[in-house]
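Enquirer: Got a predicted model here, sequence first, then my questions.
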Amino acid sequence: MFSVCFLTIGGKIVCVPRRKSNIPRITSSGNRKISSLLSSSRGAPDLDEAGEESARSVSYEPNQNWLQISCGTLSFFVGETKFEPGHYSYPFTFNLPGDLPSSMDSTYGNVKYKAKAKVDKEWSIDYTCKKFFTVYTCNYLSTMFCVTVTSPIELVEEKIPSSLSVNGPIRLTVNLPKDCYAPNDMVTFVAKIKNDSSTTVKELRFEIVQKFSFQNNTKSREDILSGSEEFAVIDSVVEPHTEKLWDLELRVPANTFIGTLPNCETIKVHWILKGEVRLPFPHRNMNIEVPLILGSNAAPTQVL
């Protein structure tokens, strides 16, 4: 039985001995663990009998614990105590730091919290019990500078479709009135394409995505967990040496994870307004990623 608060976790240990027992000590401890599992591809792709490319071989590093911190240990009594059959309850409370990363679980890593109770048993194997609990840390938009002092956001990407081209680039500009939003908020923005190249822009698409990035000493990976539906902009064909502008809006998915990961260098969380300029073959498409800040519109509270 556990309750999770902003700075405190509380619960109780329940012991139900079925016969008389001599127990020297009962302890409770809490800790957090950040671990990651990163993969890498090895070798060239193989071809099957039909001549199609088969999957690459993938190797995984062992699950590495990058951070493990104890929140403390409590001893309820020291010295041998005799227990008659019955029901015994020991409440406990641990104070947690206020800047913990949120609990999360992904393909390549996780942040987990657990409380562990141990019953020392004389001349026999100790009995232990572990319970995981959730820590939730997020941005409170009502207290953030980006909301109280709003400043417009502009991001520009350029691409020359071909290295042999003597024409200019394709330039995509995205403007937002702000970068702080909550789930279910509408993100309004302006997109502009200036096409100084000789290549026709086929289509412009946008979506809002949330992803985790994982980094250790040798490898890095990304895992996209959720996103809005990809939105194809109507009438987004842009002929060479012309430009177009659109007033657009996308809604932040209501189920988007908005937990933050402070003091965690191994795992980062990102929210992005992602745009894609689709070009004809053989040119590669052009992408733009506008960072967003997601949080809660609720007022800060001591109990999460």
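Expert: Structure received.
Enquirer: Could you report the neighbour count for Arg18?
Expert: 7 (other C-beta atoms under 10 Å). (Each C-beta comes from the backbone N, C-alpha and C, glycine too.)
Enquirer: Setting aside sequence neighbours, what's the nearest residue to it?
Expert: Closest residue to Arg18 apart from its sequence neighbours, by C-beta to C-beta, 6 or more residues apart in numbering: Pro85 at 5.8 Å.
Enquirer: chain center to the helix or strand that contains Ile208: distance?
Expert: Element membership of Ile208, judged by DSSP states H and E, is strand 203-215. Strand 203-215 has its C-alpha centroid displaced from the chain centroid by 12 Å (C-alpha atoms, centre = their mean, to the nearest Å).
Enquirer: Can you give me the buried ones in that strand?
Expert: For strand 203-215, the neighbour count (16 or more other C-beta atoms under 10 Å) marks 203-206, 208-212, 214-215 as buried.
Enquirer: Reformat those residues as a markdown table; add pLDDT and distance to Glu249.
Expert: Shown next, in a markdown table, are the buried residues of strand 203-215 (pLDDT from 0 to 100; distance: C-beta to C-beta, whole Å):
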| residue | pLDDT | distance to Glu249 |
| --- | --- | --- |
| Glu203 | 96 | 18 |
| Leu204 | 96 | 14 |
| Arg205 | 96 | 14 |
| Phe206 | 96 | 10 |
| Ile208 | 93 | 11 |
| Val209 | 92 | 16 |
| Gln210 | 91 | 18 |
| Lys211 | 90 | 22 |
| Phe212 | 90 | 26 |
| Phe214 | 86 | 32 |
| Gln215 | 81 | 33 |
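Enquirer: Could you save the residues you listed as CSV and add columns showing distance to Ile224?
Expert: Converted to CSV, the buried residues of strand 203-215 look like this (distance: C-beta to C-beta, whole Å):
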residue, distance to Ile224
Glu203, 21
Leu204, 20
Arg205, 15
Phe206, 15
Ile208, 11
Val209, 6
Gln210, 7
Lys211, 4
Phe212, 8
Phe214, 12
Gln215, 16
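Enquirer: Between the residues you listed, which sits nearest Ser124?
Expert: The nearest member of those to Ser124, counting by C-beta to C-beta, is Phe214 at 41.6 Å.
Enquirer: Bridged to the closest one, which residues?
Expert: Beta-bridge pairing of Phe214 under DSSP bridges involves Arg221, Ile267.
Enquirer: could we number from 32 for the rest of this?
Expert: Renumbered: residue one is now 32, and that last one reads Phe245.
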